[in-house]
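In: After the sequence you'll find the predicted model.
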Amino acid sequence: MRAAEFLIEVSLENLARTPVKGGLTLGQAVAQKVAMETGREVEELDAIELLSTADPTGTNSFVKWLARVYLGKEGGFKLPEDADQIKQDLTKFAKLAKQKKLKPEHTDINRLKTLNDLYDALESYSEEEVVSKGEVKKKIKSEGVDFIIDDPKFAVVHTKTHEANCYYGAGTKWCTAAKDSSGYFDQYTKEGPLYTILDNSGAKPRKFQFHYESDQFLNERDQEVSKKDIQQLSQNPGWAKFLNMMIEKHYAQYFD
């Protein structure tokens, strides 16, 4: 089954009536094995529907493959207890297929004869390949950041995870945004919050990193901000708002 076939809904009734070896239909063969393993008699269509609970596509596209694996000598799974785990693995496979990231030897799932073949195939892909950019962005926004100021032209982001700092620090020279190591990010954030300032008000988007505890305020080239940088930032009302927030946070005792 190839990626395009995800869009074609497969009839469970037709699958149940599909002839297989031994003069049985696919539904009969699956029903017999379910009865043998569980001691519970099931109807042919019910048996195929039980297999479909492990198919994440919503179009039953994996059910025929699941039946072949289930009935094989190395089936290696039981119904219904293994359905949820198999569904998770097939979800990864389907994502890779839709994103056209599958290697040539994996594009047709029918080449994978057993669950172990599926597991081996999935292990050859990194988690970054499985998860889409949109999902990564959604996860970062929901778990890794607090927007201190959120405006299309000027935003201040408190990056709480290394992953989020790499995302918002992309294209900069900051050591805290180095993807291969979280050491510097961990070091700075142990002392206090790390803020990324996103200035989209000028002709060219700018990024700045502010860390009060280490007295560092850097532009995207990892250089101390210049007077020109400050002049640009000062054109944004959000900049004054952020400064007031920092004054209130760190110097409130002097204004009592």
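Out: Received the coordinates, thanks.
In: got a list of what P152 touches?
Out: P152 makes contact with N200 under the criterion CB atoms under 8 Å, 6 or more residues apart in numbering. The C-beta positions use only the backbone N, C-alpha and C, and glycine is treated the same way.
In: Next one, pLDDT for it please.
Out: For P152, the pLDDT comes out at 86.
In: what about it, distance to P205?
Out: Noted for P152: a distance of 11 Å to P205, by CB to CB, to the nearest Å.
In: same question, Q28
Out: When CB to CB is applied, the distance between Q28 and P205 equals 63 Å.
In: of these two, who's got more company?
Out: Set side by side, Q28 and P205 show more neighbours around Q28, with 18 against 12, by other CB atoms under 10 Å.
In: next helix or strand past the helix or strand containing the more buried one?
Out: Per DSSP states H and E, Q28 falls inside helix 26-38. Following helix 26-38 in sequence order, the next helix or strand is helix 44-52 (DSSP H and E).
In: and that next one, which residues are buried?
Out: Within helix 44-52, the residues that qualify as buried are 44-45, 47-52, counting by 16 or more other CB atoms under 10 Å.
In: in the stretch 101-250 of the chain, which spans are strands?
Out: For the stretch 101-250 of the chain, the strands defined by DSSP state E, counting those that start in this stretch cover 145-151, 154-159, 195-199, 206-211, 216-219.
In: strands paired with the first one, and their directions?
Out: Strand pairing for strand 145-151, determined by DSSP bridges: strand 154-159 (antiparallel).
In: and the partner strand with strand 195-199, angle?
Out: Between strand 154-159 and strand 195-199, the angle comes out at 160 degrees (axes from the mean of the first three to the mean of the last three CA atoms, to 10 degrees).
In: can you give me the angle strand 154-159 makes with strand 206-211?
Out: Using the same axes, to 10 degrees: strand 154-159 against strand 206-211 is 40 degrees.
In: Can I get strand 154-159 in CSV? Just the C-alpha atoms.
Out: Extracted in CSV, the C-alpha atoms of strand 154-159 (Å, rounded to 0.1, in the frame of the first residue of the first chain):
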residue,chain,number,x,y,z
PHE,A,154,7.4,42.8,18.2
ALA,A,155,7.4,39.8,20.5
VAL,A,156,9.3,38.7,23.6
VAL,A,157,9.5,35.0,24.2
HIS,A,158,10.6,33.3,27.4
THR,A,159,12.1,30.0,26.0
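In: what about the helices in the stretch 151-256 of the chain?
Out: Listed in chain order, the helices of the stretch 151-256 of the chain (DSSP state H, counting those that start in this stretch) span 162-168, 183-191, 227-233, 237-251.
In: just so I know, which of these lies nearest S214?
Out: Closest to S214 of these, according to CB to CB: helix 183-191, at 6.4 Å.
In: now for that closest one, which elements pack on it?
Out: helix 162-168 (3 or more CB pairs under 8 Å, 6 or more residues apart in numbering; DSSP states H and E).
In: quick one: contacts of the helix it packs on?
Out: Residues outside helix 162-168 that contact it (CB under 8 Å, 6+ apart) are 136-137, 140, 143-145, 157, 159, 174, 176-179, 182, 185-186, 194, 196, 198, 207.
In: are any of those buried, and which?
Out: The buried subset of the contacts of helix 162-168 - by 16+ other CB under 10 Å - is 140, 144-145, 157, 159, 174, 176-178, 182, 185, 194, 196, 198, 207.
In: Many thanks, I have nothing further to ask.
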